[in-house]
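Participant: Kindly generate the corresponding structure for this input.
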Amino acid sequence: MRVWHAMWLARIDRKIAQLVQRQAEQERGRRAKPEPPDWIVELGIGVGRPPVQVHQGTCYMEGKRQRPIGPDEARRLLADGTSACSRCRPDTALGIAGLESI
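Facilitator: The predicted structure is shown next:
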């Protein structure tokens, strides 16, 4: 009887150790997620992948082909005619909305 209980206690201890390790890994994974970039450029399909749209970093509408950019590059792309996302409005956030009419 003593051997049987010792076997079950060992199994329970192993299971607890596995669960503690899994929980610690999940916690490390949550803390390790990088902050989203401030600005994102969505890239098109094809040779050279031309820029299609500029988004704020937290926008949920950005496509799969994207790369982070800085505010200066975002302003340059918008000034060069790359469209701004109609959902997150990076042109407004960068303070350049409505300057097209000038």
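
Participant: is it true that Arg76 lies in a strand?
Facilitator: No. Assessed with DSSP: H, G, I helix; E, B strand; the rest coil, Arg76 is helix; it does not lie in a strand.

Participant: Now do the contacts for it.
Facilitator: Taking Cβ atoms under 8 Å, 6 or more residues apart in numbering as the definition of contact, Arg76 has no neighbours. No exception for glycine: its C-beta is placed from N, CA and C like everyone else's.

Participant: Over to Arg30?
Facilitator: Not one residue lies near Arg30 by Cβ under 8 Å, 6+ apart.

Participant: give me the element it is part of.
Facilitator: helix 2-32 (DSSP states H and E).

Participant: pLDDT weak spots in this structure?
Facilitator: 98-102 (pLDDT under 70).

Participant: Which residue, other than its chain neighbours, is closest to the residue nearest in space to the middle of it?
Facilitator: Among the residues of the chain, the one closest to the centroid is Pro36, at 4.9 Å (Cα atoms, centre = their mean). Leaving aside its chain neighbours, Pro36 sits nearest to Gly57 (4.1 Å; criterion: Cβ to Cβ, 6 or more residues apart in numbering).

Participant: Give me the phi and psi angles of that neighbour.
Facilitator: When read as degrees, to the nearest 10, the backbone of Gly57 gives phi -60, psi -30.

Participant: What residues does it make contact with?
Facilitator: So Gly57 contacts Pro36, Pro37, Asp38, Trp39, Ile40, Pro68 (Cβ under 8 Å, 6+ apart).

Participant: how does it look with 10 Å?
Facilitator: Glu35, Pro36, Pro37, Asp38, Trp39, Ile40, Pro68, Ile69, Cys88, Pro90 (Cβ atoms under 10 Å, 6 or more residues apart in numbering).

Participant: closest to Gly81 among those?
Facilitator: Using Cβ to Cβ, Pro90 is the member of the contacts of Gly57 that sits closest to Gly81, with 14.2 Å.

Participant: For Pro71, see how far away that closest one is.
Facilitator: According to Cβ to Cβ, to the nearest Å, Pro90 stands 9 Å off from Pro71.
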